[in-house]
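Q: Any chance you can model this:
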Amino acid sequence: MKKLLYFTFLILLFIGCQKTKSQQDAVVFKKYSESSAIQKQQDHENKRMQFKLFQSKYLDMNTVFKPFENDLEYFLEEHYTALKPLILEQDIPTLQKHIKTGRLSYEKLTLFYLYRIQKFESDSSKSLNSIISLNPNVLKEARARDKNKKENAEYAIYGMPILLKDNINTKDMPTTAGAIALAENKNTADAFIVEKLREKGALILGKVNLSEWAYFFCSGCPLGYSAIGGQTLNPYGRGIFETGGSSAGSAVTIAANFAVAAVGTETSGSITSPASLNSVVGLKPTIGVLSRTGIVPISSTLDTPGPMTKNVIDNAIFLNVLSGYDKNDFASKNIGENYFQSGFKQKLKGRRLGVIKSLLTDSIYSATVGKLRRAGAELIEITPPEVGLNGFLTLLNIDMKNDLPKYLAADADEQIAVTSVKDVIAFNLKDSLLRAPYGQQLFEGIVEDTTTLAKLEIIKTNLTNSGRKYFQALKNDNLEAILSINNYHSGFAAVANHPTLTVPMGYKNSGEPISLTFIGTPLSERILLEIGYAFEQLTKVRKMPKNYQ
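A: Purely as a prediction, here's the structure:
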């Protein structure tokens, strides 16, 4: 009798599975005609938004999702809907609590994100062109996390699906920087920060689109475009609002809840800009706090990775995991800071913050300053001195001319044929419509720049002095931070090596996000995060893009 009941159960289970499979048609990514959309785009008042294409001419998302075909076949819309309130917009501590109580698992969390990415990216009316590759082993890794759950994981990255900007090396996915010249850059070791993530049990979900070569490639071209990934789009207004760049995919995917968090990189504004325009929290740390080893470079002088999240708590948790001394990065610092120890106090009272007087003409900034004042912050109006950033382009030119060959020699797949900027230009000219439809003017400028290394050192010194002079009020007025908008002052912060934290501040009448950016003194990340958290709790303005709820 027991055997009969057992076999009956197996038969019913098999039939149930068969029904489940037939209830859901397989999702297929199909290329669609975009000619009318492109034609409409030519009327956009912003020249950079007058796209030549939307979809990638290189990427096949069916291939990207192939490893998950069987698992997603059994994950239905009803499962996705049931999990939405547990996952969407939730911070890491909340997700970890759900997993601890059994309401959620690391595998379900990962399946949810895979399903959600597939759901939106396969819809021609909602696709954001934000994903370049997915980790084929991520579900296997998620199941392993479920078998070895940590007891005290509430404030841990353990089991959390993370996305990486596709200029960060991983051993299990190519690292392309969005460029077809690096399409086969597969056999690489993990970047230092990726090693740190894996050590702490994070799940590397995949790689995201970006402005090709971190937006130091073409001149005046669209933000968020790459030959590999196509045109990244802003979920708050597809084809209406810019994504910001170059970490466009990192911001867009977090805004759309495609993962718990993402890593971006910045040379000057490349985290701050997309974070601001997609209503997420982005931190550009002091250079040296996070390693750059294994990351496709622009400038060893200014480059840094940084965390991009939906909230400040997650940003601090993420920063803790990413940080650490790297002997192979000359700028790396052994700081030993805990960016979230004992949590954050919701305190603005007594904080001395600088208000840039000229920005008070912006109604949202002005209203925000009023909120901070009423919350007890001491606000000091400042007018930064007029200083230039002479030689900034030269710094980027000469650094990349020297730094890219070093990456290609030491950290890229041995099969990659290009060894220099000049090689990349020649490679692209063989099929410019596919490889460089917007041109490669900045790369050409790099080759033409003959500035000597001795002259470069003088330029660096002058730029650093200019940046420090611009933010002299931090020291002179004993300020904890200066308040800016979006990436308005990212260039000055970059050359002065000041960290910046951008937090959602509101939305314009058009619906476009706008953010408040806190600029601090070198190595003041903990202070910026504390102030940012207090501001976030005071205002709580972030809202999901309405078509991605």
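Q: In the stretch 251-400 of the chain, where is pLDDT below threshold?
A: Of all residues in the stretch 251-400 of the chain, none has pLDDT under 70.
Q: Let me see the ranges of the strands in it.
A: 261-266, 281-284, 304-309, 352-356, 378-382 (DSSP state E, counting those that start in this stretch).
Q: Which one of those strands lies nearest to residue 517?
A: strand 281-284 (8.9 Å; CB to CB). The C-beta positions use only the backbone N, C-alpha and C, and glycine is treated the same way.
Q: tell me the contacts of the closest residue to residue 68 other than its chain neighbours?
A: Nearest residue to residue 68 in three dimensions, chain neighbours excluded: residue 114, at 5.5 Å (CB to CB, 6 or more residues apart in numbering). By CB atoms under 8 Å, 6 or more residues apart in numbering, residue 114 lies in contact with 65, 68, 71, 72, 75, 134, 138, 139, 205.
Q: Only C-alpha atoms, please: export the helix or strand where residue 114 lies in PDB.
A: Residue 114 belongs to helix 106-121 when assigned by DSSP states H and E. The C-alpha trace of helix 106-121 is given here as PDB (Å, rounded to 0.1, in the frame of the first residue of the first chain):
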ATOM      1  CA  TYR A 106      19.100  32.900  -1.800                       C
ATOM      2  CA  GLU A 107      18.000  30.700  -4.700                       C
ATOM      3  CA  LYS A 108      14.500  32.300  -4.900                       C
ATOM      4  CA  LEU A 109      16.000  35.700  -4.600                       C
ATOM      5  CA  THR A 110      18.300  35.000  -7.500                       C
ATOM      6  CA  LEU A 111      15.600  33.400  -9.600                       C
ATOM      7  CA  PHE A 112      13.400  36.400  -8.900                       C
ATOM      8  CA  TYR A 113      16.000  38.800 -10.400                       C
ATOM      9  CA  LEU A 114      16.700  36.500 -13.400                       C
ATOM     10  CA  TYR A 115      13.000  36.300 -14.100                       C
ATOM     11  CA  ARG A 116      12.500  40.100 -13.700                       C
ATOM     12  CA  ILE A 117      15.500  40.900 -16.000                       C
ATOM     13  CA  GLN A 118      14.100  38.500 -18.600                       C
ATOM     14  CA  LYS A 119      10.600  39.900 -18.200                       C
ATOM     15  CA  PHE A 120      11.500  43.500 -18.900                       C
ATOM     16  CA  GLU A 121      14.500  43.100 -21.200                       C
END
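Q: got the buried residues for that helix?
A: Across helix 106-121, burial judged by 16 or more other CB atoms under 10 Å covers 106-118, 120-121.
Q: Please tabulate the contacts of residue 114 in a markdown table, including the columns secondary structure, distance to residue 309 and pLDDT.
A: Below are the contacts of residue 114 laid out as a markdown table (DSSP: H, G, I helix; E, B strand; the rest coil; distance: CB to CB, whole Å; pLDDT from 0 to 100):
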| residue | secondary structure | distance to residue 309 | pLDDT |
| --- | --- | --- | --- |
| 65 | helix | 25 | 98 |
| 68 | helix | 24 | 98 |
| 71 | helix | 26 | 97 |
| 72 | helix | 26 | 97 |
| 75 | coil | 25 | 97 |
| 134 | strand | 20 | 98 |
| 138 | helix | 19 | 98 |
| 139 | helix | 23 | 98 |
| 205 | strand | 14 | 98 |
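Q: Between those residues, identify the one with the most neighbours.
A: When neighbours are taken as other CB atoms under 10 Å, the top entry among these is residue 205 (28 neighbours).
Q: Go ahead and confirm that residue touches residue 137.
A: No - in this structure, residue 205 is not within contact of residue 137 by CB atoms under 8 Å, at 10.7 Å.
Q: now the helix or strand hosting residue 78, how far from the chain's geometric center?
A: In the assignment (DSSP H and E), residue 78 maps to helix 77-87. Relative to the centre of its chain, helix 77-87 is centred 25 Å away, using CA atoms, centre = their mean, to the nearest Å.
Q: Repeat that for stretch 201-210.
A: Relative to its chain's centre, stretch 201-210 lies at 10 Å (CA atoms, centre = their mean).
Q: okay, how far is it across it, tip to tip?
A: 25 Å (CA to CA, to the nearest Å).
Q: ok, now stretch 370-380?
A: For stretch 370-380, the end-to-end distance is 12 Å (CA to CA).
Q: Now that stretch: buried residues?
A: For stretch 370-380, by 16+ other CB under 10 Å, it's 372, 375, 377, 378, 379.
Q: Would you agree the third one is in contact with residue 354?
A: No - judged on CB under 8 Å, residue 377 makes no contact with residue 354 at a distance of 10.7 Å.
Q: that older thread, ok, so of the buried residues of helix 106-121, who is nearest residue 263?
A: Nearest to residue 263 among the buried residues of helix 106-121, with distances taken as CB to CB, is residue 113, at 15.7 Å.
Q: which residues does the closest one contact?
A: The neighbours of residue 113, taking CB under 8 Å, 6+ apart as the test, are 161, 205, 258, 259.
Q: what's the closest of these to residue 513?
A: Closest approach between those and residue 513, by CB to CB: residue 258, at 17.0 Å.
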